[in-house]
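Asks: got a predicted structure plus its sequence, pasted below:
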Amino acid sequence: FCLRVFLAVVNEAIVGLVVNMVSYVIVVIASENPLQTPDEIEEAKATFFSNNLPITSIFVFVNAYVAAATVEEVSKYFGFWMVDTPDLMNPQKLILQEGEQRHIRQSSIVSQGAGITVAMVAVATGFACSENLLYVFVYTTPSLNNEIATLLARSLFPIHPMCAAIQSIGVVKRDLEGSSKSQLGMILLPAIILHGSFDFVLMFLDMLQRAGTGTAPDANKELEEMDSLDQLSLVLSLSMVVIGTFYYFCISECQRKKLSEMDESRQAAHETLV
């Protein structure tokens, strides 16, 4: 939890600062009148991006796929990398205090794959927990009903654990199957695409609503009060979660069968030696 949150917050802050600086420079250059106060700059920024949706879309894309998805998925991976997973420890290296080697049966390859998935999902859940607390107690209007509604809504979109599970497929392929093609980029790419698409949908529709109304959408609306963009956002977000779940279970089932075959081959080789 501590490692994961600190890593993501620092990296996202750096990337977000760079993106905001670039946006301010563009607004100042495009402005016809000199901007002196921070309020004038913010007002000019809101007007500029409302009137220039193609440019705004580029910034939304960068925020979704780079500042959010890439930074967070990389942080998840290295958060897992910094944690020892018992299923993946070499039995020969487990030593008793007296210095004698402990006699431990080596876990199956299927069990090791499950251990990788559980460990990566646990790391991702730590960040999801902190992010949910932030949304509930900072971004939501103070009210018990609103806070409970926000927490329930956030629980419908487990994008962080889902992307971590998808990452684990690539890690298992590299570490257990011995695939040379499954390197860091290929491990992260499917998770970044899903996570970035999820964030892009939310950010882009939020941008359209701001451009149309000139105000930020109310996060505490009841379902019957939602307009078409709110409903579209909900449908597309749920669709992303369903697609990610379907993708993971299809790929992981094929991988589990391959790991089972590897276990059977190892057991057959051991019986032959005996």
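Replies: Thanks, I have it. Residues are numbered from 1 along each chain as shown.
Asks: state the distance from residue 195 to residue 23.
Replies: From residue 195 across to residue 23, the span is 22 Å (C-beta to C-beta, to the nearest Å). Heads up, the C-betas are built off the backbone N, CA and C, glycines and all.
Asks: more neighbours: which of those two?
Replies: Neighbour count, other C-beta atoms under 10 Å: between residue 195 and residue 23, residue 195 has more, with 27 against 18.
Asks: quick check: mean pLDDT of the helix or strand harbouring the more buried one?
Replies: Using DSSP states H and E, residue 195 falls within helix 184-213. Taken as a whole, helix 184-213 has a mean pLDDT of 86.
Asks: now do it: which elements does it pack against?
Replies: Counting contacts by 3 or more C-beta pairs under 8 Å, 6 or more residues apart in numbering; DSSP states H and E, helix 184-213 is packed against helix 38-51, helix 53-62, helix 71-81, helix 159-175, helix 228-273.
Asks: got the angle between that helix and helix 53-62?
Replies: 140 degrees (axes from the mean of the first three to the mean of the last three C-alpha atoms, to 10 degrees).
Asks: quick one: helix 184-213 to chain centroid distance?
Replies: Mean-position distance between helix 184-213 and its chain equals 11 Å (C-alpha atoms, centre = their mean, to the nearest Å).
Asks: residue 194 and residue 174, how far apart?
Replies: For residue 194 relative to residue 174 (C-beta to C-beta), the value is 19 Å.
Asks: more neighbours: which of the two?
Replies: residue 194 (22 against 17).
Asks: list the residues that contact the more buried one.
Replies: 159, 162-163, 166, 240, 243-244, 247 (C-beta atoms under 8 Å, 6 or more residues apart in numbering).
Asks: drop anything exposed from these.
Replies: 159, 162-163, 166, 240, 244, 247 (16 or more other C-beta atoms under 10 Å).
Asks: residue 75 and residue 165, how far apart?
Replies: 16 Å.
Asks: any idea of the mean pLDDT in stretch 10-28?
Replies: Regarding stretch 10-28, the rounded mean pLDDT is 72.
Asks: which regions of the stretch 1-150 of the chain sit below the pLDDT cut-off?
Replies: Residue ranges of the stretch 1-150 of the chain with pLDDT under 70: 1-9, 11-12, 15, 27-28, 30-38, 40-42, 45, 49, 86-106.
Asks: could you pull out the helices in it for me?
Replies: 2-30, 38-51, 53-62, 71-81, 109-134, 144-155 (DSSP state H, counting those that start in this stretch).
Asks: other SSEs contacting the third one?
Replies: Okay, so that is helix 53-62. Partner elements for helix 53-62 (3+ C-beta pairs under 8 Å, 6+ apart): helix 2-30, helix 38-51, helix 184-213.
Asks: tell me which residues in that helix are buried?
Replies: Neighbour counts using 16+ other C-beta under 10 Å place 56-57, 59-60, 62 of helix 53-62 among the buried residues.
Asks: what does the fourth one give?
Replies: When burial is assessed from 16+ other C-beta under 10 Å, helix 71-81 yields the following buried residues: 71-77, 79-80.
Asks: again with stretch 231-247
Replies: So, applying 16+ other C-beta under 10 Å, buried residues of stretch 231-247: 233-234, 236-237, 240-241, 244, 247.
Asks: still on that earlier bit, can you redo the helices and strands packed on helix 184-213 as JSON lines with distance to residue 112?
Replies: JSON lines is the format used below for those (distance: least, C-beta to C-beta, whole Å):
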{"stretch": "helix 38-51", "distance to residue 112": "49"}
{"stretch": "helix 53-62", "distance to residue 112": "37"}
{"stretch": "helix 71-81", "distance to residue 112": "14"}
{"stretch": "helix 159-175", "distance to residue 112": "8"}
{"stretch": "helix 228-273", "distance to residue 112": "8"}
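Asks: spatially central, which residue of the chain would that be?
Replies: Central residue of the chain (C-alpha atoms, centre = their mean): residue 160, 4.0 Å from the mean position.
Asks: which ones are touching that one?
Replies: Residue 160 neighbours (C-beta under 8 Å, 6+ apart): 72, 76, 124-125, 127-128, 131.
Asks: what do you get if the cut-off is 6 Å, keeping everything else the same?
Replies: Listed by C-beta atoms under 6 Å, 6 or more residues apart in numbering, the contact set of residue 160 reads 124, 127-128.
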